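Q: Here is a sequence together with a model predicted from it:
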Amino acid sequence: MTPSTLLPLNAFFTIGLLLPLNSNIKDWLITIFFAAFFAAALIFLMINFVGKFEARPLDTSQNIMEIFFMIIPAEAFFRGFVQRELANNLHTKGSTVFAILISSTLYASLTLLKTQSQDITAIAFIFSLILCIIYQLTKKIEVPILCHIFLNLGLQKFS
């Protein structure tokens, strides 16, 4: 399955855009700091896991398209809708863990459809788990969105 055949799936992601966002500058600054810190830590781990990375120029138009048509909708849907709704509506002891696992599994499944690579899918599952935990801790959708953006930009720059 090619990325263009997955494009109609983006329509489902818009459901997550109904989330409340930060309302003041202090919350935004905290969010940006938190996201940058975790993204830097994840990039550091990826570089040490994968090995040698070489710096390369960023493709601005590709990055803008990716941010607005893939990252924001995906985070809003998987974290802001799937994870939040499952955690809030399943009234069991492990509903939060269950919601994190289901959200991460769905995210990794779409990654497998897109890439056909089990290695990338495993990394996507772990990355999604981390983003789910970050969202659960902060209760702010902006943090996983910014983490995802910073991580993708960092990996693109140093891969």
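A: Cool, the structure landed.
Q: Just give me the neighbour total for residue 125.
A: 18 (other CB atoms under 10 Å). (C-beta placed from N, C-alpha, C; glycine too.)
Q: Could you do residue 29 as well?
A: Residue 29 has 11 nearby residues by other CB under 10 Å.
Q: so which strand or helix has it?
A: helix 25-50 (DSSP states H and E).
Q: mean confidence for that helix?
A: Averaged across helix 25-50, pLDDT comes to 69.
Q: Tell me the helix or strand right after that helix.
A: From helix 25-50, the next helix or strand downstream (DSSP H and E) is helix 60-66.
Q: what's next to that next one, contact-wise?
A: 152, 153, 156 (CB atoms under 8 Å, 6 or more residues apart in numbering).
Q: Output those as TSV; include the columns distance to residue 67, pLDDT and neighbour count.
A: TSV is the format used below for the contacts of helix 60-66 (distance: CB to CB, whole Å; pLDDT from 0 to 100; neighbours: other CB atoms under 10 Å):
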residue	distance to residue 67	pLDDT	neighbour count
152	8	80	17
153	9	79	16
156	12	72	15
